[in-house]
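>>> The following comprises the amino acid sequence and a computationally predicted model.
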Amino acid sequence: MRLAIIDIGTNTINLAIATISDKGNSYQIIYSGKEAARLGKDGINDGHMTPEAMQRGLDAIAKHTKTIKSFDVDKTIAIGTSVMRCVDNAGEFAQKVKSQFGIDIDIVSGDQEAQLIYDGVKQVMPIGPDRQLILDIGGGSCEFIITNKDGVIWEHSFELGMSRLLDKFHPSDPITPAEVKQIEAYLRSEMSLLYEALHNYPTTTLVGTSGSFDTIAALIAAKKHPSLNIKLSTSYEMGVSNFVEIHNHLLQSTAEQRRAMPKMDKSRIDLVIVGTIFINFVIREMRMERVFQCSYALKQGAVYQFIEKEIKAKLQ
């Protein structure tokens, strides 16, 4: 069986196609791709998806559906996350996707999104008795999950996605130290629940997924481990000192300088600035000592949950 997962995020619309074994208890990702739709651009903080953003989203899904057809997929699952939860015309976009492509969008809650992310990460990260803090950075929201081998201990979805921050602060190019402090002050004011959670369930290990983490990990690997093809890795220890070095370099750079950086994701040239500020803030404020990037997240979690449901259905 072949299963397609469309992850409709605020910045990108991602596609994963998996082949599920005949026994139905394992899978292999045979295709992974993304389109930079920027659904939240110029509207997410106002709770509205602009016509231009909606068209970019439809164009992205059109490209993905062509890929899905070429792989002879048996079932397609589309998952809508933060942008679909918060804009007032999400229903209009979902209806257009249904009428044009025959695909229903399942809009998940922040709690459901966090569980999907955890179910993705746990497949490739060794999660033992010691607690870890998982951080998934999206365009509309950021999910924090404290976990260990027993499962999710605490989770919360903060509406602090990179598109929201970019639209709210419109930083200079290059960003100024005063603007960095302004963004950090805002994050500090909005994240009291995380401070409380880490006081109750302390950990010094951060596992980051998606968006800015993938971009910054690629930048670090290009400089520190040039022979490593990070796209073939499921996890990568970035190192706090390595991160800080790249972070400072990014803050001093212009958009054009970032465009020329080896392994820079061209769709994140502007977003990576608020992304690196966010990650640095979490590492410093929450006193993280080890930092990993994990390539498994929501899409892989969705495949995992699908298989689990199929197994349970067969046992009933």
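Structure received.

>>> Quick one: the helices in the protein, in order.
In the chain, the helices defined using DSSP state H lie at 51-70, 82-86, 90-101, 110-121, 162-169, 177-190, 192-200, 211-224, 240-251, 255-259, 271-285, 298-315.

>>> could you dump the fourth one to PDB, C-alpha only?
As requested, the backbone C-alpha atoms of helix 110-121 are provided in PDB (Å, rounded to 0.1, in the frame of the first residue of the first chain):
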ATOM      1  CA  GLY A 110      -2.400  22.200  18.700                       C
ATOM      2  CA  ASP A 111      -2.500  19.100  21.000                       C
ATOM      3  CA  GLN A 112      -3.000  16.800  18.100                       C
ATOM      4  CA  GLU A 113      -0.200  18.400  16.200                       C
ATOM      5  CA  ALA A 114       2.100  18.000  19.100                       C
ATOM      6  CA  GLN A 115       1.200  14.300  19.400                       C
ATOM      7  CA  LEU A 116       1.900  13.800  15.600                       C
ATOM      8  CA  ILE A 117       5.300  15.500  16.000                       C
ATOM      9  CA  TYR A 118       6.200  13.300  19.000                       C
ATOM     10  CA  ASP A 119       5.100  10.100  17.100                       C
ATOM     11  CA  GLY A 120       7.400  11.200  14.300                       C
ATOM     12  CA  VAL A 121      10.400  12.000  16.500                       C
END
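
>>> Return the set of buried residues in that helix.
Gly110, Glu113, Ala114, Gln115, Leu116, Ile117, Tyr118, Asp119, Gly120, Val121 (16 or more other C-beta atoms under 10 Å). From N, CA and C alone the C-beta is placed, and that goes for glycine too.

>>> Equivalent analysis for the third one, please.
By 16+ other C-beta under 10 Å, the buried positions in helix 90-101 come out as Ala90, Phe93, Ala94, Val97, Phe101.

>>> Distance to Tyr195 and pLDDT added to the residues you listed, as CSV?
Putting these into CSV (distance: C-beta to C-beta, whole Å; pLDDT from 0 to 100) gives the following:
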residue, distance to Tyr195, pLDDT
Ala90, 31, 96
Phe93, 35, 98
Ala94, 36, 98
Val97, 39, 98
Phe101, 43, 98
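
>>> now stretch 96-108: how far from the chain's centre is it?
Centroid separation for stretch 96-108 versus its chain: 21 Å, with C-alpha atoms, centre = their mean, to the nearest Å.

>>> So which of the helices of the chain is the most surrounded?
Mean neighbour count (mean count of other C-beta atoms under 10 Å) peaks for helix 82-86 among the helices of the chain, with a mean of 25.

>>> residues in contact with Ser235?
Val124, Met125, Val207, Phe292, Gln293, Cys294, Ser295 (C-beta atoms under 8 Å, 6 or more residues apart in numbering).

>>> Pretty sure the first one sits against Phe292.
In this case it means Val124. No - Val124 is beyond contact range of Phe292, at 10.3 Å (criterion: C-beta atoms under 8 Å).

>>> thinking again about what came up before, for Asn148, find the nearest of the helices of the chain.
Among the helices of the chain, the nearest to Asn148 by C-beta to C-beta is helix 110-121 (11.1 Å).
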